[in-house]
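*Asks:* Need coordinates for the following:
(chains A, B and C)
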Amino acid sequence: MARSFWKGRFLALLDYKTEKFIVAKNKKVGVLYRLIQLSIIGYIIGWVFVNKKGYQETDEAIQSSVITKVKGVAVTNTTESGLMVWGPQDYVIPPQVKTLTFLGGHCRDDEDCTEGETVVAGNGIMSGRCLRKDENSTGSCEIYAWCPIEKQFKPKGPLLKNAENFTIYIKNFIQFPKFMFSKSNVLETTDDSYLKKCRYDEKLHPYCPIFRLGEITKRAGYNFQDMSTFGGSIGIAIQWNCDLDKGYSKCHPEYHFTRLDISLSNKTIAQGFNFRHTRYFKNAAGEDYRSLYKVYGVRFNIMVHGKAGKFSIVPTAINVASGLALMGAGAFFCDMVLLHLMKKSDSYRQRKFEALKQFQSAQNI
Amino acid sequence: MARSFWKGRFLALLDYKTEKFIVAKNKKVGVLYRLIQLSIIGYIIGWVFVNKKGYQETDEAIQSSVITKVKGVAVTNTTESGLMVWGPQDYVIPPQVKTLTFLGGHCRDDEDCTEGETVVAGNGIMSGRCLRKDENSTGSCEIYAWCPIEKQFKPKGPLLKNAENFTIYIKNFIQFPKFMFSKSNVLETTDDSYLKKCRYDEKLHPYCPIFRLGEITKRAGYNFQDMSTFGGSIGIAIQWNCDLDKGYSKCHPEYHFTRLDISLSNKTIAQGFNFRHTRYFKNAAGEDYRSLYKVYGVRFNIMVHGKAGKFSIVPTAINVASGLALMGAGAFFCDMVLLHLMKKSDSYRQRKFEALKQFQSAQNI
Amino acid sequence: MARSFWKGRFLALLDYKTEKFIVAKNKKVGVLYRLIQLSIIGYIIGWVFVNKKGYQETDEAIQSSVITKVKGVAVTNTTESGLMVWGPQDYVIPPQVKTLTFLGGHCRDDEDCTEGETVVAGNGIMSGRCLRKDENSTGSCEIYAWCPIEKQFKPKGPLLKNAENFTIYIKNFIQFPKFMFSKSNVLETTDDSYLKKCRYDEKLHPYCPIFRLGEITKRAGYNFQDMSTFGGSIGIAIQWNCDLDKGYSKCHPEYHFTRLDISLSNKTIAQGFNFRHTRYFKNAAGEDYRSLYKVYGVRFNIMVHGKAGKFSIVPTAINVASGLALMGAGAFFCDMVLLHLMKKSDSYRQRKFEALKQFQSAQNI
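*Replies:* Okay, the predicted model is just below:
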């Protein structure tokens, strides 16, 4: 008995059970439901799958390494520093020789000169002594500082005219760790001379990693001469949007150039780019002295971003399933319309929801 | 005939078909199902949409560029190196002059001094020769090294007291490439002097990018004087959590400061921060010599992270759909309860699953 | 009346309504449906949950800071520069002394020497003057450049044999901001000497951050001696794949070493690694001169990536729900088979879709 009971149970599991539907011969709701179905299918296929590539797993955690080299030589000639030659190793502009000496500040006695207090101008620190010629005169606080103080120097004309023809070599190697995919922006060639002579061109040489400075500024929307006086900051964005389903060769770098030191508001505070740089020397007596350079230059800010997508069953299943579940919601909505807004809604409700009595009566005939 | 057949088929497609339900007048299961429905709706609305912002697409691949400038001057006075002034270009502490000479190590003959072998102390390399006064005495291996060897110097007191008032300017420009959104932590103002004089304050000046060193260490939970002897490493985390649905002006940077060179365990190994730095000189005879500086300083480690969210139909649909599908699971669970745990479960089962026979008998009446 | 009407409505809400199913005693479709169900359950549990950890929320936006220190000393001896000692502060190879003088280029008169034009060789810029011995002879364009021009020097043998025993200390601190989780690759120990003497070993010392250079190159698949002549570029990838459900102690760093300067194609263009580096001096007369070093070295490119996963209810719900919705699709597919491909499909269709007439006749008995 028990055995046949469990056998029956098991066989019952293999019976196919399918939901019973009521056919409501109501064209209005029927058309409404088909429209809802069509729009959900259209949304899933058109928007989710075609437009958003919802069948792909994406990796936005791009790993990138960048190596750059600048080539070019420039000459500057200012009255302050005389004729100077600048190679790629030393793009620095006008030097100011400084030695370690003492400077004065107004005081009456030592108490006016707090030891260790920074001088407001920011160039040194008070030693705590007041230097006076005699007891009655006003003196100067002794200050430790590099002398002479840096002059407020502003370049009057373009200092690095030739830099327009400088080239910058940008080697970018990227990885999408999730997909074990890696690529470089440098052509894999056996032709040694190509990577020495080529210049980047979007269509002709998309895998040549050498950029002319003038070309970069032009693409950023500025004239190079605008930057040759006060320097500038150029953002180079390398974008890798790769559809790995289309294969290795369809994953290309895109370059975007923007000038970063110009803000949107007209009056700019931080226009140009400069920094201070020192070289240290010792004189014959062994005393330290240094050359302080206020360097106006072009700063490159290379940013690499990108994402890769590749077919994966999980997001595909989730998106298909979300479409199916939304169709269930559509059916629920149409049911509401049918059962509450239609003329014969009572009749539909009676048929849709089979009550106990009705069932019993049908059974007891 | 065929034509009217297909027409009928097509019209049948426009008939609305709705599932037939059995009304089980069982309040227990009814209440259970409503509770399940309510908790799923509460979870979807309360947790997924309100708390987790499940209606938004997020971009966690924040793109960031950081420019920093340090301002301030300090003076050090050690017996080893005498009085020295340190500007922003040269925050380096005590120098040790070294020249390229030869050092000895114990040996008996040349074989004891393997050429090219590194001396254990790590300061030089053996030349392969054994220097002895005479044939019988013990000699020294000739070693190539910079002389004199670096002394084990530990600073005895705070070397950079004044650095507390140094300021650090941190310009941070971020981008969320997915949403084409970019912002900076610097106030966009036409008032030139503001960005020269302001100091960051969470409430008063949230867009002033200038931080006082003492303030930074205070916010990291340490006194600046703790770090002024052995240096330290400060992590500055800039966090951008932006809800782009609320608009550009509601996306603010948040700063968090932590001291990185102190580990959780009490006995710290790597407390402080120092590195070695050299300056090269030539004497009158053209011989190289160098100053080796063991530099104790404060290292800033600026990390930018953040994420942005913006309404998107795809995650919204997925989350709504997941709620709907879970309701289906709830119904399945309630069915199990109804069909197996209730008193009249057999009667319910009979009604829910309409068997063929029953159907045929009803049809054949 | 109205009150009892609403009461009835409310009580009706608490009636449990369950879908009515038709039992189709068709074992083929029944088995098919069970197979579909099993494969969906298998996919959700096996692939989505076990393999892909679909119950976890992931954070791929790893935050990382890296500090490195190199230790070791080497000696080079070339005929050009004589015996030199290189410590960690100065891994630079062969120096070439240069002074700022003038070089010639062929010309007939000043017009041939355009002022400011870069000389093709790239070493200097024309001054615009043509230097001729007399009016009739061919002269040379005056050029501003550092002299003498850099010689095309290629190292003939390994310059830094000893560097094999150099060590590199790599401290890596990571954070997963979404989970407020942070960890370091350095053992948290109170034993000061451990972090000075240990060497990394995958099994014995996984949290020792000191790597021998020779070991690194070996793991990258190359012999260190291959790189000791022309230098090289080594990629050190630190990977943190952390399952935070398993706890803090199960989140380990993994190191992968690859040589980056060797491309896949046999003929390599950029093999080795070198850069140019200058040191500036002044002679007794105060004239600038510089030593230009073409430095062959080993460049380390440290990349940190990783992701963390932690249980979260939202992705769990979405994945479970997607499985449920797909079962709905499976049922739809089986319905299609049952209603269109089976022998008795007409009979099934009649029963599944209860038409109005049939219903009315049953009601009117």
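
*Asks:* Would you map the strands across the stretch 201-350 of chain A?
*Replies:* A:210-212, A:232-243, A:253-259, A:274-282, A:288-296, A:298-311 (DSSP state E, counting those that start in this stretch).

*Asks:* Dump those strands to TSV, plus distance to chain C, mean pLDDT and mean neighbour count.
*Replies:* No exception for glycine: its C-beta is placed from N, CA and C like everyone else's. TSV is the format used below for the strands of the stretch 201-350 of chain A (distance: least, Cβ to the nearest Cβ, whole Å; pLDDT from 0 to 100; neighbours: other Cβ atoms under 10 Å in any protein chain shown):
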stretch	distance to chain C	mean pLDDT	mean neighbour count
strand A:210-212	12	89	19
strand A:232-243	16	86	20
strand A:253-259	17	89	16
strand A:274-282	5	69	17
strand A:288-296	8	68	20
strand A:298-311	11	84	19
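
*Asks:* Export the ones you listed as a markdown table, with columns for distance to A:Ile168.
*Replies:* Written out in a markdown table, the entries for the strands of the stretch 201-350 of chain A read as follows (distance: least, Cβ to Cβ, whole Å):
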| stretch | distance to A:Ile168 |
| --- | --- |
| strand A:210-212 | 5 |
| strand A:232-243 | 9 |
| strand A:253-259 | 11 |
| strand A:274-282 | 18 |
| strand A:288-296 | 17 |
| strand A:298-311 | 7 |
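
*Asks:* Distance to chain B added to those, as CSV?
*Replies:* Below are the strands of the stretch 201-350 of chain A laid out as CSV (distance: least, Cβ to the nearest Cβ, whole Å):
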stretch, distance to chain B
strand A:210-212, 19
strand A:232-243, 7
strand A:253-259, 10
strand A:274-282, 4
strand A:288-296, 7
strand A:298-311, 5
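
*Asks:* Number of residues surrounding A:Cys251?
*Replies:* 18 (other Cβ atoms under 10 Å in any protein chain shown).

*Asks:* An error on my part: the question was meant for A:Ala331.
*Replies:* Using other Cβ under 10 Å, the number of residues around A:Ala331 comes to 17.

*Asks:* With A:Lys196 instead?
*Replies:* Using other Cβ under 10 Å, A:Lys196 has 10 other residues around it.

*Asks:* buried sites along the helix or strand hosting it?
*Replies:* Using DSSP states H and E, A:Lys196 maps to helix A:194-197. Within helix A:194-197, the residues that count as buried by 16 or more other Cβ atoms under 10 Å in any protein chain shown are A:Leu195.

*Asks:* Is any residue of that helix near chain C?
*Replies:* Yes: interface with chain C: helix A:194-197 contributes A:Leu195 (Cβ under 8 Å from any Cβ of the partner chain).

*Asks:* quick check, stretch A:338-348 touching chain B?
*Replies:* Yes: among the residues of stretch A:338-348, A:338, A:348 lie within reach of chain B under Cβ under 8 Å from any Cβ.

*Asks:* Pull out the buried positions in that stretch.
*Replies:* A:338-339, A:342, A:348.

*Asks:* mind putting those in TSV, pLDDT and distance to B:Glu188 included?
*Replies:* Output for those, formatted as TSV (pLDDT from 0 to 100; distance: Cβ to Cβ, whole Å):
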residue	pLDDT	distance to B:Glu188
A:Leu338	89	57
A:Leu339	88	58
A:Met342	85	59
A:Tyr348	84	62
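
*Asks:* Same list (these) but as TSV, adding distance to chain C.
*Replies:* Output for the buried residues of stretch A:338-348, formatted as TSV (distance: Cβ to the nearest Cβ, whole Å):
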residue	distance to chain C
A:Leu338	13
A:Leu339	12
A:Met342	13
A:Tyr348	10
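
*Asks:* Just say helix, strand or coil for whatever residue of the stretch 151-300 of chain A ends up closest to chain C.
*Replies:* For the stretch 151-300 of chain A, the residue closest to chain C is A:Thr190, as judged by Cβ to the nearest Cβ, at 4.3 Å. Put simply, A:Thr190 is coil when judged by DSSP: H, G, I helix; E, B strand; the rest coil.

*Asks:* on that earlier part again, could you pick out which of the buried residues of stretch A:338-348 are located in helices?
*Replies:* Among those, the residues falling in helices (DSSP state H) are A:Tyr348.

*Asks:* Out of the buried residues of stretch A:338-348, which two sit at the greatest distance?
*Replies:* Greatest spacing in these, by Cβ to Cβ: A:Leu339 and A:Met342 (7.5 Å).

*Asks:* for the stretch 151-300 of chain A, which spans come out with low pLDDT?
*Replies:* A:151-162, A:262-271, A:274-278, A:286, A:288, A:290-297 (pLDDT under 70).

*Asks:* Kindly recompute the last result at 90.
*Replies:* With pLDDT under 90 as the threshold, the stretch 151-300 of chain A has low-confidence stretches at A:151-199, A:201-207, A:209, A:211-237, A:247-250, A:256-300.

*Asks:* hmm, back to that, how about JSON lines for the buried residues of stretch A:338-348, with distance to A:Phe21 added?
*Replies:* Formatted as JSON lines, the buried residues of stretch A:338-348 follow (distance: Cβ to Cβ, whole Å):
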{"residue": "A:Leu338", "distance to A:Phe21": "13"}
{"residue": "A:Leu339", "distance to A:Phe21": "15"}
{"residue": "A:Met342", "distance to A:Phe21": "17"}
{"residue": "A:Tyr348", "distance to A:Phe21": "12"}
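
*Asks:* Go ahead and confirm A:Cys242 touches A:Lys178.
*Replies:* No: assessed by Cβ atoms under 8 Å, A:Cys242 is found out of contact with A:Lys178, at 11.8 Å.

*Asks:* Out of the strands of the stretch 201-350 of chain A, which is closest to B:Pro209?
*Replies:* If we rank the strands of the stretch 201-350 of chain A by Cβ to Cβ, the stretch that ends up nearest is strand A:232-243, at 15.4 Å.
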